[in-house]
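Colleague: requesting a structural model of the entry that follows:
(2 chains)
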Amino acid sequence: MKRAYCILSATLISSALLVTNGALSADTPLGLPPLIVPVDNEITEAKVALGTKLFEDSRFSSTGEVSCATCHDSDSGFTDSPKVVSEGIHQLTGTRNAPTVINAAYMKLQFWDGREPDLESQSAQPFLNPVEMGLTSHEPILEVVRNDRAYRRMVRRAFSIDPDDVTMDHVQKAIASFERTIISGNSPFDRYRYGGDETAMSEAAIRGLEVFEDDGRCVSCHTISQSFALFTDGKFHNLNVSFDRISEGIGNLTQAYSERREAGTNLNVDVLTEADVSELGRFAVTGEWTDTGAFKTSTLRNIEVTAPYMHDGSQETLEDVVDFYNNGGAVNEGDPINDFQSSGIRPLDLTDQQKLDLVEFMKALTSPEYASSGIAED
Amino acid sequence: MSGILNRRLLLKGSLAGITASCLPLSLIKLSFGATAPAKDFTFAYISDSHIQHIRGKEFVRNWDRGLIRAVAECNLMSPKPDFVVYGGDIAQLALPQEIDHGLEIMSRLNYKTHYVMGEHDFYLDMGEYWERQLGPQWYSFDHKGVHFVVLNSILTYDKWVNKWASGAERMGVMAGLDDPRGSPFMVGEEQRRWLAKDLAAINKSTPIVLFSHSPIQKIFKNWNFWTEDAEEIQALLGPFENATVLYGHVHQIQYNQIGNITFHSAMATAWPWPYPESYAQADNALPVLTVPMNRADPFFERDATGWQFVDVWSGKASVNYSLPQNTSRTVAYDFEAGRPVDTKYPQSLLAPQDHY
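Modeller: A predicted model of the protein is given here:
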């Protein structure tokens, strides 16, 4: 796996050196669009190397046992599959299923509720979360970096600064740069749709693609474009996943949390430590009622290796997910639909064959470098 | 325009914690400003849900969901509205089961609700079932210094009413949008007499807010964006310093100023109508219609349905329309121009109606 990143990274970095204005434009994997890189954080080999080391370093947790890679494990498609929700220090659990880092670089907003705008700002949060890495400040990270000979050398190379002057800004930029190299396409679907290889997908998967784009209505949110496919609209939807936990007292909950937001509460901590606040979804971030119980559309790339599914990992298999959507957002047909469910979700009336085909199609979204992780290939 | 901005700020400040783009209903805020701030209050406005029976216990899911969401979000309002107004067309074909199903959804509201009759509630049995469930078809009430009037503006000529073989046939024809067999809406003589008497007792400086289902203006006859005796109702409102008419039926954003009367429409919870062609007859121009909505994403059934805040400042309305999956809009009263203007799209494509 490590080697694959290196190759991927090397490709990206060589591209990065060719472009100005921060935009990468060439040599992206088949099926992905050019990656946009912030102008103030150009990808360099030195930064990626530093970011990789930071990502995997468990010294940045209060117990010294948890790193970013603990929950975003390359061997599990950069998730902690098959865990339902992530496990931090002292086996403490949060409220949400670890989203994959793969192609997170393309996300317009980060986290399930979009509470951080980019990879740089996202990367600073888990260190301080009491159920993730449990530090009380970022200072211990900087202490380690300033005093570790390898880090000092890497910081100097990456940012041309005296390592004593390293700040979290450098740490975040390095981690983000590493994450921008974790982009992955070239799945059987990509080779079929964009590579002109009609044999790249099975017949069942080809039928499944048709369901995906037509009767299944999947493509409305899990987008496929003419020359690339991110399989996400980057928007937030209330699907009716586990919202019934808070339906009862929703009026009091929204009002109470709005007041807490105004008073200045810690959103990052609240959403992972308070089950009911977590279920508010994007509402907790924006305070807008249209966002009540809404979570970000996740990408479907490598979905087979990142089970379980949904923001709280409450759905075990892809078959479960298809049934859920087919029922109009209900685990069991006839389950109550919450009042705030996104109006794009409705019963689909798919046949059993269509449902099977749909699952086969989703299995064709796994990139070759992850095909052996998580669930073994048939 | 600075006056508008000031009032918008005041609106925002007085509704701290609520974002304008999040209301699945029309939220009306009445304000009496510095002279009597204690009288400020809000009410919500939900309209045109068109609950439609299919068979057995089945109803059209899309229309159900629109009303369910409006009710749920209305219940989240903070500060709480003093009451809710339902603007008419709770049913599609006035079937008792449609009215009951709609009222069952509405019953989850935590607030007192006043209902307005729509033609889709009426023409099956001439409003009999609706009236049995909800009471009088026209009435007035006072709340914190404002005189509210509810009219049934969707009546029509007796001759037309009596020409059909069945109520269902009559309802079917009236439910059609551009059906030449239809008949124009009107308030009618009986109600006009009642209204004249009702208003006679009211001080001319008291703000009047009138609810009707049809516009009390003559916008486009073929779609019954029309009230046959609109001029006579307008004449009754004429002597009042501040009169506002809020109406449903049109499923889109409209606003207009005729003399002292400010008109605002409400969005539907069910579906949007496109903007009508202008009425071709001489001496009839359209009210200001805002620019067509940017219908960005029809995948969402709630797209181009809408909700709004309305701030009636000393009787003048400022309306903030919140459009799901779309950019919110504000139509505010411009004191210099003496009429409401769209603050985002101030350029009007058509001259406002100043005669009719």
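
Colleague: what is the burial count for residue B:159?
Modeller: Neighbour count for residue B:159, taken as other CB atoms under 10 Å in any protein chain shown: 8. Using the backbone N, CA and C atoms, a C-beta is placed for each residue, glycine as well.

Colleague: tell me the helix or strand right after the helix or strand hosting it.
Modeller: Applying DSSP states H and E as the criterion places residue B:159 in helix B:158-161. Later in the chain than helix B:158-161, the nearest helix or strand by DSSP H and E is helix B:167-175.

Colleague: show me the helices in the stretch 201-350 of chain B, by range?
Modeller: Per DSSP state H, counting those that start in this stretch, the stretch 201-350 of chain B carries helices over the ranges B:230-237.

Colleague: for chain A, what are the nearby residues on it?
Modeller: Counting by CB under 8 Å from any CB of the partner chain, the stretch 201-350 of chain B comes close to chain A at B:299, B:300, B:301, B:302, B:303, B:324.

Colleague: tell me the pLDDT of the second one.
Modeller: Which is residue B:300. Listed pLDDT for residue B:300 reads 75.

Colleague: contact partners for the closest residue to chain B within chain A?
Modeller: The nearest approach of chain A to chain B comes at residue A:339, 3.3 Å away (CB to the nearest CB). By CB atoms under 8 Å, 6 or more residues apart in numbering or on different chains, residue A:339 lies in contact with A:247, B:68, B:69, B:71, B:72, B:73.

Colleague: and for residue B:208?
Modeller: The contact partners of residue B:208, by CB under 8 Å, 6+ apart, come to B:146, B:147, B:148, B:149, B:199, B:202, B:237, B:240, B:242, B:243, B:244, B:315.

Colleague: try 6 Å this time
Modeller: By CB atoms under 6 Å, 6 or more residues apart in numbering or on different chains, the contact list for residue B:208 reads B:147, B:240, B:243.

Colleague: alpha carbons of stretch A:38-53, as CSV, please.
Modeller: As requested, the backbone C-alpha atoms of stretch A:38-53 are provided in CSV (Å, rounded to 0.1, in the frame of the first residue of the first chain):
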residue,chain,number,x,y,z
PRO,A,38,-5.1,26.1,-2.2
VAL,A,39,-2.7,28.7,-3.5
ASP,A,40,-1.1,29.1,-0.1
ASN,A,41,-0.5,25.4,0.3
GLU,A,42,1.1,24.0,-2.8
ILE,A,43,1.7,20.3,-2.7
THR,A,44,5.4,19.5,-2.4
GLU,A,45,7.2,16.2,-1.8
ALA,A,46,8.6,17.5,1.4
LYS,A,47,5.3,18.6,2.8
VAL,A,48,3.6,15.3,1.8
ALA,A,49,6.4,13.4,3.6
LEU,A,50,6.0,15.4,6.7
GLY,A,51,2.2,15.1,6.5
THR,A,52,2.4,11.3,6.2
LYS,A,53,4.5,11.1,9.3
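
Colleague: just to revisit the earlier point, helices or strands up against the helix holding residue B:159?
Modeller: Here helix B:158-161 touches no other helix or strand, going by 3 or more CB pairs under 6 Å, 6 or more residues apart in numbering or on different chains; DSSP states H and E.

Colleague: excluding chain neighbours, what is closest to the residue of chain A closest to chain B?
Modeller: Leaving aside its sequence neighbours, residue A:339 sits nearest to residue B:72 (CB to CB, 6 or more residues apart in numbering or on different chains; 3.3 Å).

Colleague: got a pLDDT number for the closest residue to residue B:170 other than its chain neighbours?
Modeller: Closest residue to residue B:170 apart from its sequence neighbours, by CB to CB, 6+ apart: residue B:164 at 4.0 Å. The confidence metric pLDDT takes the value 97 at residue B:164.

Colleague: ok, now residue B:327?
Modeller: Here the pLDDT value assigned to residue B:327 is 70.

Colleague: count of residues packed around it?
Modeller: By other CB under 10 Å, 12 other residues sit near residue B:327.

Colleague: again, but for residue B:94
Modeller: Residues lying near residue B:94 (other CB under 10 Å) number 28.

Colleague: surely it meets residue B:170?
Modeller: No. Applying CB atoms under 6 Å, one finds residue B:94 not in contact with residue B:170, separated by 9.7 Å.

Colleague: and the gap between the residue nearest to residue B:170 and chain A?
Modeller: Remark: distance between residue B:164 and chain A (CB to the nearest CB, to the nearest Å) = 36 Å.

Colleague: what separates that residue from residue B:50, distance-wise?
Modeller: To residue B:50, residue B:164 is 21 Å away according to CB to CB, to the nearest Å.

Colleague: which one's more surrounded, those two?
Modeller: Per other CB under 10 Å, whichever of residue B:164 and residue B:50 has more neighbours is residue B:50, with 24 against 16.

Colleague: how about that one: what's its closest non-neighbour residue?
Modeller: The shortest distance from residue B:50 to any non-neighbouring residue, by CB to CB, 6+ apart, is to residue B:270 (4.2 Å).

Colleague: next one: phi and psi at the residue nearest to residue A:339?
Modeller: Dihedral pair for residue B:72: phi -60, psi -40, per degrees, to the nearest 10.

Colleague: give me the distance between it and residue B:116.
Modeller: Distance check for residue B:72 against residue B:116: by CB to CB, it reads 21 Å.

Colleague: show me which of the two is the more surrounded one.
Modeller: Set residue B:72 next to residue B:116 and count neighbours by other CB under 10 Å: residue B:116 wins out with 28 against 22.

Colleague: you'd agree that one is up against residue B:87?
Modeller: Yes. With contact defined as CB under 6 Å, residue B:116 reaches residue B:87; the gap is 5.2 Å.

Colleague: for residue B:114, what are its contacts?
Modeller: By CB under 6 Å, 6+ apart, the contact list for residue B:114 reads residue B:85.

Colleague: SS state for it?
Modeller: Secondary structure assignment for residue B:114 (DSSP: H, G, I helix; E, B strand; the rest coil): strand.

Colleague: ok, now the one 3 residues further on?
Modeller: Of the three states, residue B:117 takes coil according to three-state DSSP.

Colleague: list the residues that contact it.
Modeller: Contacts for residue B:117 (CB under 6 Å, 6+ apart) come out as B:88, B:127, B:137, B:152.

Colleague: got a pLDDT number for the residue nearest to residue A:108 when sequence neighbours are not counted?
Modeller: In space, and not counting its chain neighbours, residue A:108 is closest to residue A:234: 4.2 Å by CB to CB, 6+ apart. We have a pLDDT of 95 for residue A:234.
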